[in-house]
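**Student:** Give me a model of this one.
(one chain, ligands or ions: 1)
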Amino acid sequence: MASLSETSPVGVPALLSAKGREKIAMMTAYDASSAGLLDAAGIDVLLVGDSVEMTVYGRPNTLTATMDMMVRHTRAVADAARRALVIGDMPFLSYQADAREAVLNAGRMLAEGGCSAVKVEGGRRVLPAVEAIVAADIPVMGHVGLTPQSYRKFGGFKVQGKSAEDAAEIRQDAEALAQAGCFAVVLECVPEGLAAEITRDLAIPTIGIGAGAGCDGQVLVFHDVMGLTGATSTPRFVRRYAELAPLIEEAAREFAKDVKSGEFPSAAESFTGGATPALRRIY
Ligand code: KIV
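**Tutor:** Sure, this is the predicted structure:
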């Protein structure tokens, strides 16, 4: 089996066979321009996370994300990705209430959104939805530990599985999801020892976020990695690989200055009445 980096496009079978052979790099993406860059950089999996509601729309949590917006953002990412596997996140209440509705919503993500798989949060309590979606031949990624759609139940965004009882619950949830046919499971904010044990025991890949180095892959949120969020609100498990916020602010400041001083646009950036080359892009 070829390594993931040689696999184009990355599919669910390739991810499954990467377990134990090659670490999986996953990042969130919400729009076509950033998805194209991440894809070209060799990110294996692009997750159109419902975190879009916080990162792009500035909401305090993910509960207000809707199917319509997830489908639209997923379409943008899927159209831009050449190689990466694109996964659409199922928003709050799109799969919890009813298994039939879950299948129809997951089907929308694939048919209208153009992704290859969906992700759902929760363990044994969402098994009816997971089983129904899998039975419709739609690949499902699970998500246990700190599941942000349940943050009110947890009393905030807190590390999960610290007590022996909680750890056992999370382990059983992950096992049940694998049993139900999930092709991978996200482990969010759990102790690294627990994540390593689950990774050892499951036949499917685990993707960690705040779950230590023992997982089969790692996922981070685009805005955190690129330094687009405030450094003080960055969780401890994030590594910021760039600091784009000050660069963007400085570029915008320069533009505003040039507009006000008349420095922009120059003659070269303006049209005359004569023949002009084709425009690169027409808005
Ligand atoms: O919505 C999201 O971004 C996620 C990741 C943090 C795993 O679910």
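**Student:** and residue 207, that one's in a helix?
**Tutor:** No: secondary structure of residue 207 (DSSP: H, G, I helix; E, B strand; the rest coil): strand, not part of a helix.
**Student:** Now do it against residue 214, distance only.
**Tutor:** Counting by C-beta to C-beta, to the nearest Å, the gap from residue 207 to residue 214 is 12 Å. Quick note: C-beta positions are derived from backbone N, CA and C, even for glycine.
**Student:** Look at those two and report which has more neighbours.
**Tutor:** Neighbour count, other C-beta atoms under 10 Å: between residue 207 and residue 214, residue 207 has more, with 28 against 17.
**Student:** was I right about the more buried one contacting residue 26?
**Tutor:** Yes: using C-beta atoms under 8 Å, residue 207 is in contact with residue 26, at 5.6 Å.
**Student:** overlap in contacts of those two?
**Tutor:** Common contact partners of residue 207 and residue 26 (C-beta atoms under 8 Å, 6 or more residues apart in numbering): 45, 217, 218, 219.
**Student:** give me phi/psi at the second one?
**Tutor:** Read that as residue 217. phi -160, psi 180 (degrees, to the nearest 10).
**Student:** unless I'm mixing things up, it is touching residue 208, no?
**Tutor:** Yes: contact criterion C-beta under 8 Å: residue 217 and residue 208 qualify, at 7.2 Å.
**Student:** Comparing the two, which shows the higher neighbour count?
**Tutor:** Using other C-beta under 10 Å as the criterion, residue 217 and residue 208 rank with residue 208 on top: 28 against 23.
**Student:** Leaving out chain neighbours, which residue sits closest to the more buried one?
**Tutor:** Excluding the flanking residues, the one nearest residue 208 by C-beta to C-beta, 6 or more residues apart in numbering is residue 215, at 3.3 Å.
**Student:** did I read that right, residue 253 in a helix?
**Tutor:** Yes: per three-state DSSP, residue 253 lies within a helix segment.
**Student:** Poorly predicted segments of this structure, please.
**Tutor:** Scanning the chain for pLDDT under 70 picks out 1, 276-277, 279-283.
**Student:** what ranges do the strands span in the chain?
**Tutor:** For the chain, the strands defined by DSSP state E cover 24-28, 45-48, 85-89, 117-119, 140-145, 184-188, 206-209, 217-220.
**Student:** Give me the number of neighbouring residues for the residue of the chain found nearest the ligand.
**Tutor:** Across the chain, the shortest distance to the ligand (C-beta to the nearest ligand atom) belongs to residue 49, at 2.4 Å. Neighbour count for residue 49, taken as other C-beta under 10 Å: 29.
**Student:** same check, this time on residue 158
**Tutor:** Residue 158 has 10 nearby residues by other C-beta under 10 Å.
**Student:** Could you do residue 177 as well?
**Tutor:** When neighbours are defined as other C-beta under 10 Å, residue 177 has 27 of them.
**Student:** hang on, the earlier thing: could you dump the strands of the chain to a markdown table with distance to residue 267?
**Tutor:** Converted to a markdown table, the strands of the chain look like this (distance: least, C-beta to C-beta, whole Å):
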| stretch | distance to residue 267 |
| --- | --- |
| strand 24-28 | 42 |
| strand 45-48 | 42 |
| strand 85-89 | 44 |
| strand 117-119 | 51 |
| strand 140-145 | 53 |
| strand 184-188 | 53 |
| strand 206-209 | 51 |
| strand 217-220 | 45 |
